[in-house]
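S.K.: Okay, structure incoming, though there's no sequence with it:
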Ligand SMILES: [Zn+2]
């Protein structure tokens, strides 16, 4: 390949996706390949409201939603006034109505949240930065160490007058009654201005310290996933520029956002190679859950994703006394998929390293047998699974 000046192009090979030509537009398969090949081990995620919509979190900005209608009686001057400190002090009832609707405990994490948890379990999650205040990342089990709630969250609350910090559970009973919550500390009792405000960032308030103290984490990231955000709110949207210039970036969103404005621009996604460099930005226009479920399929992680979601939901059920997780998936089928995926992975590895014995495959075949023993249901599926283990090469093609 040569440039118009006759000199070889700066990159005849692709640094980020070595198997692609620099002008090839990479896709989700290529991202899966990076992860499979161990080239993406420090994955950063920047997430917005799009990962929580399937949980049923209402969008307070959209007129016509139940939430907005609930707030209509407070005659908000504009929807965002709900997150304005002056307005809070003036008409606290409106905010506490919203808090009751959005309070942690009313919603369950989505497959997207559990995908991030799975990345963490596999030691691949370098950081998860969220604009959401719903705490679903925490509920899915993402550790505090890896989580930056850029716009705060309902996890803790603070008295606006004395600064006393409360845990979300301390004030939950009152929140659930729809009451305005006030501090009972010394000197605050009976004071109207001693409001206990959940530590979500209101307009005009500073971002959490963690936002600034952890920003450098982006410099050591080797895959950035931007998901479910319009990238319209700063300074959150500027974080995507903090990754190394060779770091692949995956956008998962319903629409394309954050693109460069012109070919010379260095700020923004360049999905089509407008700036003439090998393309490192990947675009997947889809719902977040669908995209991550597809990515898990490509990685052979589907069963694991289903399992941690089921276990997560079951734990939440146990906490609130309902029983819906059990109806989600039949467990044996899930374990079968898991074993088959493990067999496929082992076959992949052993075909790459011809010297590898089939011992690993044999071990996994025992796993299939144990699933069979556990199962009380349909035998036909079990037979298929056993055959898959016995003749993995052929069955793998069929499975794919
Ligand atoms: Zn107080």
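M.R.: Good, I have the coordinates. Remember, predicted model here, so these are calculated numbers, not experimental data.
S.K.: Which stretches in the stretch 201-350 of the chain count as strands?
M.R.: 223-227, 249-253, 281-285 (DSSP state E, counting those that start in this stretch).
S.K.: To residue 89, which of those lies closest?
M.R.: In terms of C-beta to C-beta, the element of the strands of the stretch 201-350 of the chain nearest to residue 89 is strand 223-227, at 35.0 Å. To be clear about C-beta, it is placed using only N, CA and C from the backbone, and glycine gets the same treatment.
S.K.: re the thing from before, quick one: the strands of the stretch 201-350 of the chain as CSV, columns for distance to the ion too.
M.R.: CSV is the format used below for these (distance: least, C-beta to the ion, whole Å):
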stretch, distance to the ion
strand 223-227, 38
strand 249-253, 41
strand 281-285, 47
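S.K.: now those as CSV including mean pLDDT?
M.R.: Shown next, in CSV, are those (pLDDT from 0 to 100):
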stretch, mean pLDDT
strand 223-227, 98
strand 249-253, 98
strand 281-285, 97
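S.K.: Would you tell me which of these gets closest to residue 315?
M.R.: strand 223-227 (24.4 Å).
S.K.: What pairs with that closest one, parallel or antiparallel?
M.R.: strand 43-47 (parallel), strand 249-253 (parallel) (DSSP bridges).
S.K.: could you dump those to a markdown table with mean neighbour count?
M.R.: Below are the strands paired with strand 223-227 laid out as a markdown table (neighbours: other C-beta atoms under 10 Å):
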| stretch | mean neighbour count |
| --- | --- |
| strand 43-47 | 25 |
| strand 249-253 | 25 |
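S.K.: before we move on, back to that, output the strands of the stretch 201-350 of the chain as CSV; include the columns distance to residue 156.
M.R.: Shown next, in CSV, are the strands of the stretch 201-350 of the chain (distance: least, C-beta to C-beta, whole Å):
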stretch, distance to residue 156
strand 223-227, 25
strand 249-253, 29
strand 281-285, 34
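S.K.: hang on, the earlier thing: between the strands paired with strand 223-227, which one is nearest to residue 160?
M.R.: Taking those one by one with C-beta to C-beta, strand 43-47 is closest: 28.4 Å.
S.K.: for that closest one, what is the average pLDDT?
M.R.: Per-residue pLDDT over strand 43-47 has a mean of 98.
S.K.: Hmm, residue 301 is touching residue 341, no?
M.R.: Yes: in this structure, residue 301 is within contact of residue 341 by C-beta atoms under 8 Å, at 7.2 Å.
S.K.: So which of these two has more stuff around it?
M.R.: residue 301 (23 against 20; other C-beta atoms under 10 Å).
S.K.: so what's that one closest to, chain neighbours aside?
M.R.: Take residue 301 and drop its neighbours on the chain: the residue closest to it by C-beta to C-beta, 6 or more residues apart in numbering is residue 118, 6.3 Å away.
S.K.: got it, and residue 208?
M.R.: residue 152 (5.9 Å).
S.K.: Can you name the residues that contact the one you found?
M.R.: 133, 198, 199, 200, 201, 208 (C-beta atoms under 8 Å, 6 or more residues apart in numbering).
S.K.: Check pLDDT for those residues and point me to the minimum.
M.R.: Among the contacts of residue 152, residue 133 has the lowest pLDDT, at 90.
S.K.: if we can go back for a sec, format the strands paired with strand 223-227 as TSV; extra columns: distance to residue 319.
M.R.: Shown next, in TSV, are the strands paired with strand 223-227 (distance: least, C-beta to C-beta, whole Å):
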stretch	distance to residue 319
strand 43-47	24
strand 249-253	30
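S.K.: Appreciated, that's everything.
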